[in-house]
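1. mind folding the following:
(chains A and B)
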Amino acid sequence: MYELWSTSSGNIIGSYETEDQALDVVRAAVERYGDGYVDDVVLGRNGAQDEGYLADTHGAPPTRIAGGRDLADLARSRLYR
Amino acid sequence: MSEQSQLPRSCLNTANGRLFLYRVVNGSPPTIEDFTSLAPQGKPVPPTDADAQRLWDGISAFDTQERVMGMAVTYSLGSYVSMLDIPEEAAFPVRVEKTRGPGHYTVWGDAATLLSAVHETTPVPPQVLR
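-> The predicted structure is shown next:
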């Protein structure tokens, strides 16, 4: 499970099955509102989806993938892979 | 709070008709800003995420303190965690729904009401702040 977080508010913006789905949402938001949209946004991976029930039960820590302008750049780079 | 009757009770720390959820906050005691959703902050909904539209005026909370502390550290969300003690009474104007990933709940309610539901606030321990 991949999650977009608003770090300034402590709220989840969206949850997605794949990283590409999350980056599609980022790219669309940046295209509509500008790079500033992701200044307080972080993309992370919650290990439970890929590692199964036990990983979640035992509190596998989430992983930070990218945030801020780096996240915008990552979303754009995936478009042209 | 009709949605609460549909929640997976085994996943929640419920006792005596109360619902306990955990949320990252920025200080102790927390302030009303710690319980503000994305909607009143003026952040627009991502244009291609239909699910986000429905949840935009709720706040994120989790079922365990451990889980939310992991989120707080990894994403730099805040240095404290508040436990919300939500009465399961129709008169208490808060709505809770299981949403998104593991252990995540969306809570809807006036920010002042949510602040009044704070039972305790604890710092994220140094061993978690890696």
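2. CA only for contacts and neighbour counts going forward, please
-> OK.
3. can you give me the helices for chain B?
-> Using DSSP state H, the helices assigned to chain B run over residues B:50-55, B:65-74, B:111-116.
4. mind putting those helices into JSON lines with mean neighbour count, distance to chain A and mean pLDDT?
-> Shown next, in JSON lines, are the helices of chain B (neighbours: other C-alpha atoms under 10 Å in any protein chain shown; distance: least, C-alpha to the nearest C-alpha, whole Å; pLDDT from 0 to 100):
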{"stretch": "helix B:50-55", "mean neighbour count": "15", "distance to chain A": "6", "mean pLDDT": "90"}
{"stretch": "helix B:65-74", "mean neighbour count": "22", "distance to chain A": "6", "mean pLDDT": "92"}
{"stretch": "helix B:111-116", "mean neighbour count": "17", "distance to chain A": "12", "mean pLDDT": "96"}
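5. export the ones you listed to JSON lines and append columns for distance to A:Thr7.
-> Shown next, in JSON lines, are these (distance: least, C-alpha to C-alpha, whole Å):
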{"stretch": "helix B:50-55", "distance to A:Thr7": "16"}
{"stretch": "helix B:65-74", "distance to A:Thr7": "9"}
{"stretch": "helix B:111-116", "distance to A:Thr7": "18"}
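6. what does chain A put close to chain B?
-> Applying C-alpha under 8 Å from any C-alpha of the partner chain, one finds that chain A approaches chain B through A:1, A:5, A:7-15, A:25-26, A:28-29, A:32, A:37, A:42, A:44, A:48, A:56, A:59, A:61-64.
7. report the buried members of those.
-> Buried members of the residues of chain A next to chain B, scored by 16 or more other C-alpha atoms under 10 Å in any protein chain shown, are A:1, A:5, A:7-15, A:25-26, A:28-29, A:37, A:42, A:44, A:48, A:56, A:59, A:61-64.
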